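In: what's the 3D shape of this:
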Amino acid sequence: MNEGYEEVLRAIASSDPTPGGGSVAALSLAHAQCLTIMVARLTVGKEKWSDGHEAAELIISKWDPRMGVAIGLAKKDALAFDQVMGAYRLPKRDEKEKEFRQSTIRKATIGAAQAPLETATEALDLLHDIESFSHICNSNALTDLASAAELSSSAVIIASMNVRINLDFIKGEDVDELSMRLDTVVGESDSSLERIRSKVFERLGWK
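Out: Residues are numbered from 1 along each chain as shown. Purely as a prediction, here's the structure:
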């Protein structure tokens, strides 16, 4: 832990609306990625967990570079919200300005919904990999992998709320499409998390 980490936390805790929930969802995803990679590194090279070596190496090669993607999604979400606020501040003195303002608000709101949807989709992808890995990873680090799954699921849930709050204000076929995509991601995430929990409890002998 260092001052940079604390600075991010203080930015979230400030009265500024950004970074907010959507950014926190992406940061939750980043933490989930880190824990998953850690478990993969604790599995690789240990003969006892040789069945998990290939999967562990794939996780490291896939997700280590994508930590930057998660951080980028946190920034993208904050920027998208700022653009919505900027759109609402546009002048509306005549009909032309009103039409431009409304069009800009809608475009910005779609963007503000798409950003957390990307986070939710990325988190679901990680959950799928965690699910497969949970069968063969180093069992001494299984609770860390389970924690990564819970964080990934939280990222999906938090991101989904930020998608929905934006879609509540607009209508159209593009909105319906985003809603359907979100429903699919959330449903798959819930199912995957339940399977991961079941496997973790089975391997640890918990009831």
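In: hey, let's count contacts and neighbours off CA atoms from now on
Out: Will do.
In: where does this structure have low pLDDT?
Out: 1-3 (pLDDT under 70).
In: So which residues of it form strands?
Out: In the chain, no segments count as strands under DSSP state E.
In: Return the residue of it that is most distant from the centre.
Out: Farthest-out residue of the chain from its mean C-alpha position, per CA atoms, centre = their mean: D94, at 40.6 Å.
In: Residue nearest the middle of this structure, spatially speaking?
Out: For the chain, T119 is the residue whose C-alpha lies nearest the centre (CA atoms, centre = their mean; 3.6 Å).
In: For the residue nearest to it when sequence neighbours are not counted, list the residues it contacts.
Out: Setting aside the residues directly before and after it, T119 is nearest to A26 in space (CA to CA, 6 or more residues apart in numbering), at 5.8 Å. Applying CA atoms under 8 Å, 6 or more residues apart in numbering to A26 gives the contacts A70, I71, L73, A74, P116, T119, A155, A159.
In: Let me know the closest of those residues to V175.
Out: When the contacts of A26 are ranked by distance to V175 (CA to CA), P116 comes first, at 14.1 Å.
In: And for that closest one, the neighbour number?
Out: 31 (other CA atoms under 10 Å).
In: G22 too?
Out: Other residues close to G22 by other CA under 10 Å number 33.
In: for the helix ranked longest in the chain, the distance to its chain's centre please.
Out: Looking across the chain with DSSP state H, the single longest helix is helix 95-133. A distance of 12 Å separates the centroid of the chain from that of helix 95-133, by CA atoms, centre = their mean, to the nearest Å.
In: Then stretch 186-193?
Out: 13 Å.
In: Buried residues in it, which are they?
Out: V186, S189, S192, L193 (16 or more other CA atoms under 10 Å).
In: among these, which are in helices?
Out: The members of these that map onto helices under DSSP H are V186, S189, S192, L193.
In: of all these, which comes closest to L35?
Out: The closest of these, once distances to L35 are taken by CA to CA, is L193, at 15.7 Å.
In: Helices along this structure, start to end?
Out: 3-13, 21-43, 53-63, 67-88, 95-133, 142-167, 173-204.
In: so the second one versus helix 3-13, what angle?
Out: What it means is helix 21-43. Taking axes from the mean of the first three to the mean of the last three CA atoms, to 10 degrees, one finds helix 21-43 and helix 3-13 inclined to each other by 150 degrees.
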